[in-house]
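Participant: output the structure for:
(one chain, ligands or ions: 1)
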Amino acid sequence: MTSDAASGAGCAAVAVGGLRYRWPKARVDCLAIDDLTLAAGERVFLRGPSGSGKTTLLSLVGGVIQPQAGGVCVAGQPLSRLSAGARDRFRADNIGFVFQLFNLLPYLSARDNILLACRFSAARRARLRAAGVTAQAEAGRLAARLDLDAGAIERPAAELSVGQQQRVAAARALIGRPGLIIADEPTSALDADRQQAFVDLLLGECAASGAALLFVSHDLRLAAHFDRVLDLAQINHATAVEAGA
Ligand SMILES: Nc1ncnc2c1ncn2[C@@H]1O[C@H](COP(=O)(O)OP(=O)(O)OP(=O)(O)O)[C@@H](O)[C@H]1O
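Facilitator: Okay, here's the model as predicted:
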């Protein structure tokens, strides 16, 4: 793994090396991954059976949990070399998350939920300034691109449909052009047609901003337009998951 943390330019979006992770109180490792790289801008579909460790891997790549051995670099930054506070700031600046349950603030409007990502990140604001756009304008552009109409963007998140909330969560992840988007089963609440439409929008916006995408889903039908399909079982050498140990 590279240790050049200067800017992330020219670095892999994600580089995992010699990684071992065991949950507290577990008797066996959950993950043992020797080598995993996502190139800058690469869009990867991660598959694997329930309980195989997909969400755990996303948490490690996002720096939410720390491995017992090996490490994760995001844009050239080894996450283990950051203090907990610095890791939080790094995550806010460089990684956009889209969760299954969206994690929107229900009382804030869709627009304010999207803008929150910029409020917490000077780097996201600076990238928008450098591109000559305001955060407000970019929130509006992303909302329109994601088919959120002018009325929806002003309404509290709690009053939006599940599909609309999902698109707000995607816009919040994307605003300010983080180099990595992590999406954990973000389509599971949608019907098949809307799932594919949402994935196409997410892929398109990642391509437009140059973001790498690490996308988890059980539904292989969604994998067609990704650059690569990664089967966690193929790269995880942990002897057994807890349930089967
Ligand atoms: N917070 C936790 N504490 C302890 N063990 C956990 C925790 N979260 C997950 N695990 C365990 O880690 C293993 C992998 O779980 P994980 O959620 O990463 O799988 P997954 O592939 O994302 O599953 P699914 O597709 O069902 O969401 C499971 O055995 C699970 O019980």
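Participant: over to P24. Which of the three states is it?
Facilitator: Using DSSP: H, G, I helix; E, B strand; the rest coil, the structure places P24 in coil.
Participant: that one: neighbouring residues, count only.
Facilitator: 5 (other C-beta atoms under 10 Å). (C-beta placed from N, C-alpha, C; glycine too.)
Participant: check it and give its pLDDT.
Facilitator: The per-residue pLDDT reported for P24 equals 95.
Participant: renumber starting at 596 from here on
Facilitator: From this message on, residue numbering opens at 596, which makes the last subject P619.
Participant: helices of this structure, residue ranges please.
Facilitator: 649-656, 679-689, 705-714, 717-725, 730-740, 745-749, 757-769, 787-804, 827-830 (DSSP state H).
Participant: so the residue minimising distance to the centre of the chain versus A732, what's the distance?
Facilitator: For the chain, the residue sitting closest to the mean C-alpha position, by C-alpha atoms, centre = their mean, is I777 at 1.3 Å. Distance check for I777 against A732: by C-beta to C-beta, to the nearest Å, it reads 25 Å.
Participant: and what of L626?
Facilitator: Taking C-beta to C-beta as the measure, L626 falls 41 Å from A732.
Participant: hmm, back to that, per-residue pLDDT, the residue nearest to the centre of the chain?
Facilitator: 97.
Participant: go on, S602?
Facilitator: At S602, the pLDDT value in this model is 46.
Participant: in the chain, which helix or strand is least confident?
Facilitator: helix 787-804 (a mean of 88; mean pLDDT, DSSP states H and E).
Participant: contacting residues for H820?
Facilitator: When contacts are counted by C-beta atoms under 8 Å, 6 or more residues apart in numbering, H820 touches 794-795, 798.
Participant: and these, which is closest to the ligand?
Facilitator: V794 (17.1 Å; C-beta to the nearest ligand atom).
Participant: ok, for that closest one, nearest residue in space, not its chain neighbours?
Facilitator: L817 (5.0 Å; C-beta to C-beta, 6 or more residues apart in numbering).
Participant: kindly report the same for P644.
Facilitator: A828 (7.4 Å).
Participant: quick one: residues contacting the one you found.
Facilitator: 643-644, 647.
Participant: ditto for R823
Facilitator: Contacts of R823 (C-beta under 8 Å, 6+ apart): 637-640.
Participant: so where's this protein shaky on pLDDT?
Facilitator: 596-605, 835-840 (pLDDT under 70).
Participant: so which of the contacts of R823 are in strands?
Facilitator: In strands, judged by DSSP state E, the following of those are found: 638-640.
Participant: tell me the one among those nearest to the ligand.
Facilitator: Nearest to the ligand among those: F640, at 13.6 Å, using C-beta to the nearest ligand atom.
Participant: isn't the closest one up against A819?
Facilitator: No. If you go by C-beta atoms under 8 Å, F640 and A819 don't touch, sitting 9.0 Å apart.
Participant: higher neighbour count, the two?
Facilitator: F640 (24 against 11).
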